[in-house]
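In: give me a 3D structure for the following:
(one chain, ligands or ions: 2)
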Amino acid sequence: MIVLGLESSCDDTAAAIVRHTSGAGGVVLSSVVVGQTDLHAAFGGVVPEIAARAHAEKLDLCVEQALEKAALTLADIDAIAVTAGPGLIGGVLSGVMCAKGLSAATGKPLYGVNHLAGHALTPRLTDNVAYPYLMLLVSGGHCQFLLVHSADRFERLGGTIDDAPGEAFDKVARLISLPQPGGPAIEKAAVDGDPKRFALPRPLLDRPDCDMSFSGLKTAVLRARDKVIAEKGGLTVQDQADLAAGFQATVVDVLIEKTRRAMAIYMAHAPSEPALCVAGGVAANTAIRHGLETVSDENTARFIAPPLALCTDNAAMIAYAAAEQSSLRDPDDLTLSARPRWPLDTNQPSMLGSGK
Ligand code: ATP
Ligand code: FE
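Out: Ligands and ions are numbered 1, 2, ... in the order given. Next up is the predicted model:
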């Protein structure tokens, strides 16, 4: 089947067309992503009202471009998929309204997709990974371990209890006067830094579960920075590099140790083709990738990191998720609503109980 997907849950407006036959794997016929960084730059963060308005203005254009790039018309599309949550409600609503309009006008079935399911199913789209697999979703807004049992069954093993790592990279970059986005800036600065110069805390490592915390680490970097400034009157390039290296090494240590624990839970399920997958913008970080690869090697599991354009927000993952889910559930109707919150794991309380 050929699915047109729409995504507008944060600050990227996206449309994509994906072909899927059966089982794992799909072909991305087109994928258009229009960012909004410029619109929000002056405000130091995403402004929900501005984002929603921009999505409403750009969605039609994205759909047109996606059809044009795939050399298809709406008549060739078998289903319309849209992110129905979680995310900024105005943006999600813009996408849902657009998808409903397309579905009503063409009579094609409509599928509301969970944004996190889109991320979590991307390794199926790109690498034919077999169920069940372990997914670390690590981005600017999310950080969680998921056991992916099927296209509509996800088990959350743990995750951050406060900031997501991407958010921490961005905030720490601001603290030590590095540019945004903070992830790439810190990774670059860290190359020349001494990760051992500053002793930074590794929160929750003493707890045996898969939960993580990154906000205390950010405060520790702030204290270390202020101490240097008090002693020397400012930060040198070397101080910045050492703080960046210390922070990055700490995030890597925490992520890797918690991945080991999640992997142990996963391997106890005796998967036939074990795989550790990662998605989200933070997956671009080389040190994090290497660390995750080490854990997958220790378990003789495949390590899958989809190309970055499919790891960050995009609509191909939404189209693909709907294609796989279409064999498991009925389409949605025009009463489909936008959900600001939408936990992937509907059994979370019992899972947390057994996971801790
Ligand atoms: P979400 O998708 O959860 O709503 P988002 O859109 O902010 O959040 P992504 O676009 O997936 O997230 O990723 C952006 C984040 O990834 C930013 O916080 C950025 O700093 C971080 N990032 C990008 N490259 C790197 C890198 N090389 N190392 C560490 N972090 C990185
Ligand atoms: Fe996302």
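
In: give me the residue at the spatial middle of the chain.
Out: Gly280 (3.3 Å; Cα atoms, centre = their mean).

In: measure how buried the residue of the stretch 251-356 of the chain found nearest ligand 1 is and give me the count.
Out: Nearest to ligand 1 in the stretch 251-356 of the chain, going by Cβ to the nearest ligand atom, is Gly281, at a distance of 1.9 Å. (C-beta placed from N, C-alpha, C; glycine too.) Per other Cβ atoms under 10 Å, the neighbour tally for Gly281 reads 21.

In: returning to what we had before: and the residue nearest to the centre of the chain, its phi and psi?
Out: When read as degrees, to the nearest 10, the backbone of Gly280 gives phi 110, psi 160.

In: check the burial of the closest residue to it other than its chain neighbours by counting its neighbours.
Out: Using Cβ to Cβ, 6 or more residues apart in numbering and skipping the chain neighbours, the partner closest in space to Gly280 is Ser139 (3.2 Å). By other Cβ under 10 Å, 23 other residues sit near Ser139.

In: and Ser139, how far from Ile186?
Out: Distance of Ser139 to Ile186, computed by Cβ to Cβ, to the nearest Å: 15 Å.

In: hmm, the residue nearest to Gly280 is touching Thr312, no?
Out: Yes. Contact criterion Cβ atoms under 8 Å: Ser139 and Thr312 qualify, at 7.3 Å.

In: okay, and the common contacts of those two?
Out: Common neighbours of Ser139 and Thr312, using Cβ atoms under 8 Å, 6 or more residues apart in numbering, are Gly280, Gly281.

In: could you pull out the helices for the stretch 1-150 of the chain?
Out: 37-40, 48-70, 89-106, 115-127 (DSSP state H, counting those that start in this stretch).

In: alpha carbons only: can I get the longest one in CSV?
Out: Same thing as helix 48-70. Extracted in CSV, the C-alpha atoms of helix 48-70 (Å, rounded to 0.1, in the frame of the first residue of the first chain):
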residue,chain,number,x,y,z
PRO,A,48,3.2,27.0,20.5
GLU,A,49,0.9,29.6,18.8
ILE,A,50,3.5,30.5,16.2
ALA,A,51,4.3,26.9,15.6
ALA,A,52,0.6,26.0,15.1
ARG,A,53,0.0,28.9,12.7
ALA,A,54,3.1,28.0,10.6
HIS,A,55,2.0,24.3,10.4
ALA,A,56,-1.4,25.3,9.2
GLU,A,57,0.2,27.5,6.5
LYS,A,58,2.8,25.0,5.4
LEU,A,59,1.1,21.6,5.5
ASP,A,60,-0.7,22.0,2.1
LEU,A,61,2.6,22.9,0.5
CYS,A,62,4.4,20.0,2.1
VAL,A,63,1.7,17.6,0.8
GLU,A,64,2.0,19.1,-2.7
GLN,A,65,5.8,18.8,-2.7
ALA,A,66,5.7,15.2,-1.3
LEU,A,67,3.3,14.2,-4.1
GLU,A,68,5.4,16.0,-6.7
LYS,A,69,8.7,14.4,-5.6
ALA,A,70,7.1,10.9,-5.6
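
In: may I see the buried residues of it?
Out: In terms of neighbour count (16 or more other Cβ atoms under 10 Å), helix 48-70 has its buried residues at 51-56, 58-59, 62-63, 65-67, 70.

In: go on, the third one?
Out: Residues of helix 89-106 classed as buried: 89-100, 102-103 (neighbour count, 16+ other Cβ under 10 Å).

In: list just the nearest of these to ligand 1.
Out: The closest of the buried residues of helix 89-106, once distances to ligand 1 are taken by Cβ to the nearest ligand atom, is Gly91, at 10.5 Å.

In: I'd say that closest one and Pro48 touch.
Out: Yes. The pair Gly91 / Pro48 is scored as a contact, 7.3 Å apart, by Cβ under 8 Å.

In: CA atoms of stretch 281-301 as CSV?
Out: Coordinates of each C-alpha in stretch 281-301 appear next as CSV, following Å, rounded to 0.1, in the frame of the first residue of the first chain:
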residue,chain,number,x,y,z
GLY,A,281,18.5,13.7,17.3
VAL,A,282,20.9,12.8,20.1
ALA,A,283,21.7,9.5,18.2
ALA,A,284,23.9,11.7,16.0
ASN,A,285,26.4,11.8,18.8
THR,A,286,29.4,9.6,17.9
ALA,A,287,30.4,8.8,21.5
ILE,A,288,26.8,7.8,22.3
ARG,A,289,26.7,5.6,19.2
HIS,A,290,30.0,3.9,20.0
GLY,A,291,28.8,3.2,23.6
LEU,A,292,25.6,1.7,22.4
GLU,A,293,27.4,-0.4,19.8
THR,A,294,29.6,-1.8,22.6
VAL,A,295,26.5,-2.9,24.5
SER,A,296,25.0,-4.5,21.4
ASP,A,297,28.4,-6.3,20.8
GLU,A,298,28.5,-7.6,24.3
ASN,A,299,25.1,-9.2,23.7
THR,A,300,25.8,-10.3,20.1
ALA,A,301,22.9,-8.1,19.0
